[in-house]
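A.B. asks: just to be clear, the model below is a prediction. Sequence and coordinates:
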Amino acid sequence: GGRTLVSPAGWAFAIWGPIFLGELVFVSSQFRISNEDSIAPLLREISVPFTLAQTFQSLWCATFRPKYKKYNSFISAGFLTSVAYSLSKAHKIYSTSSPSSYSNLDYLTMFLPMGMHFGWTTAASLVNLNGSISSSEFDLSSAKIALVGHASAIGACILGVAVTLSRSAPVYGSVIAWALKACAAGMKKRLEKTVMKGGDGEYDGVKTQWWLCTIGAIANIGTALLVAGRQKS
């Protein structure tokens with residue numbers, strides 16, 4: 001966690017499992033699809049941004065080496081942001097397409113994991129960015145680091161609600177809520193440690209971050225449930 005205030009609890013990262021297992025199913029399931037299937041044109045359109053996302057994901061993994069510490073850590077954040085941006089393009093293609101172009105099974109096996117991946121990398125990009133900014137190399141004050149953390153929590157909340165509403169994407173909002181709840185859990189643990197150490201100066205920033213993440217999580221899960229309810233009606 002270090003000094004960054006965008007530090008999710010460890011359980012949050014378990015989401016990588018269903019994301020990659022789901023995308024494995026997505027890639028494998030295309031062997032059963034012929035060029036004449038109604039979903040084929042949609043998959044061809046999605047293939048470019050999806051492939052770019054996986055390429056940037058691999059490059060991001062390659063930055064987990066000592067040479068990408070200090071100032072070079074922004075390269076890692078840049079690759080992860082590129083993953084989220086590429087997935088945003090793929091997500092927009094299927095989320096704004098006609099529902100008749102794919103079945104519920106197609107959605108579950110192909111587009112659900114992609115939506116989860118998009119939501120999680122949006123949040124993870126902010127985690128990476130805050131981790132880089134809070135690096136000791138920049139020698140920033142705790143107040144400035146807290147300000148960046150607060151802005152990130154607010155930005156994630158607004159982006160999550162906006163994308164969920166504009167694209168009718170409850171999965172995206174749910175994943176952003178998951179990430180913000182994990183950050184709130186991380187801040188709660190930090191608060192307990194801060195009180196034990198008597199760090200009054202840090203307490204206010206951590207407490208504010210806990211509130212921002214908690215409110216953001218509630219706003220996003222509420223929006224996701226609202227959109228999901230509209231889709232059923």
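C.D. replies: Looks like it arrived, so ask away. Numbering: from 1, shown residues only.
A.B. asks: every contact and neighbour count from this point should use C-alpha atoms.
C.D. replies: Fine.
A.B. asks: in which helix or strand does the residue sitting furthest away from the middle of the chain reside?
C.D. replies: Distance from the C-alpha centroid of the chain, by CA atoms, centre = their mean, peaks at residue 36 (34.3 Å). Assessed by DSSP states H and E, residue 36 sits outside every helix and strand.
A.B. asks: just residue 165 next, same as before
C.D. replies: helix 142-166.
A.B. asks: try residue 126
C.D. replies: Short version, using DSSP H and E: residue 126 is in helix 112-133.
A.B. asks: and that helix with helix 142-166, angle?
C.D. replies: 160 degrees (axes from the mean of the first three to the mean of the last three CA atoms, to 10 degrees).
A.B. asks: who touches the spatially most central residue of the chain in this structure?
C.D. replies: What sits nearest the mean C-alpha location of the chain, by CA atoms, centre = their mean, is residue 120, with 2.3 Å. Counting by CA atoms under 8 Å, 6 or more residues apart in numbering, residue 120 makes contact with 175-176, 179.
A.B. asks: neighbour-wise, which of these leads?
C.D. replies: Highest neighbour count within the contacts of residue 120: residue 176, with 32 neighbours (other CA atoms under 10 Å).
A.B. asks: my guess is that one contacts residue 158. True?
C.D. replies: No - using CA atoms under 8 Å, residue 176 is not in contact with residue 158, being 10.2 Å away.
A.B. asks: now list whatever residues contact both of those two.
C.D. replies: By CA under 8 Å, 6+ apart, no residue touches both residue 176 and residue 158.
A.B. asks: distance check, the closest residue to residue 78 other than its chain neighbours against residue 179.
C.D. replies: Nearest non-adjacent residue to residue 78, counting by CA to CA, 6 or more residues apart in numbering: residue 125, 7.9 Å away. Noted for residue 125: a distance of 11 Å to residue 179, by CA to CA, to the nearest Å.
A.B. asks: quick one: average confidence on the longest helix along the chain?
C.D. replies: Ordering each helix of the chain by length in residues (DSSP state H) puts helix 200-232 first. For helix 200-232, mean pLDDT rounds to 90.
A.B. asks: can you pull the buried residues of that helix?
C.D. replies: Applying a neighbour-count criterion of 16 or more other CA atoms under 10 Å, one finds 202-203, 205-206, 208-224, 227-228 buried in helix 200-232.
A.B. asks: for the helix or strand hosting residue 55, packing partners?
C.D. replies: Using DSSP H and E, residue 55 falls within helix 40-62. Helices and strands touching helix 40-62, by 3 or more CA pairs under 8 Å, 6 or more residues apart in numbering; DSSP states H and E, are helix 73-95.
A.B. asks: for the helix holding residue 165, packing partners?
C.D. replies: For helix 142-166, the elements it packs on are helix 112-133, helix 170-197, helix 200-232, judged by 3+ CA pairs under 8 Å, 6+ apart.
A.B. asks: could I get the ones you listed in TSV, plus columns for distance to residue 75?
C.D. replies: Converted to TSV, the helices and strands packed on helix 142-166 look like this (distance: least, CA to CA, whole Å):
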stretch	distance to residue 75
helix 112-133	10
helix 170-197	22
helix 200-232	26
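A.B. asks: figure out which of those is closest to residue 94.
C.D. replies: Each of the helices and strands packed on helix 142-166 has some distance to residue 94 by CA to CA; the shortest is helix 112-133, at 9.9 Å.
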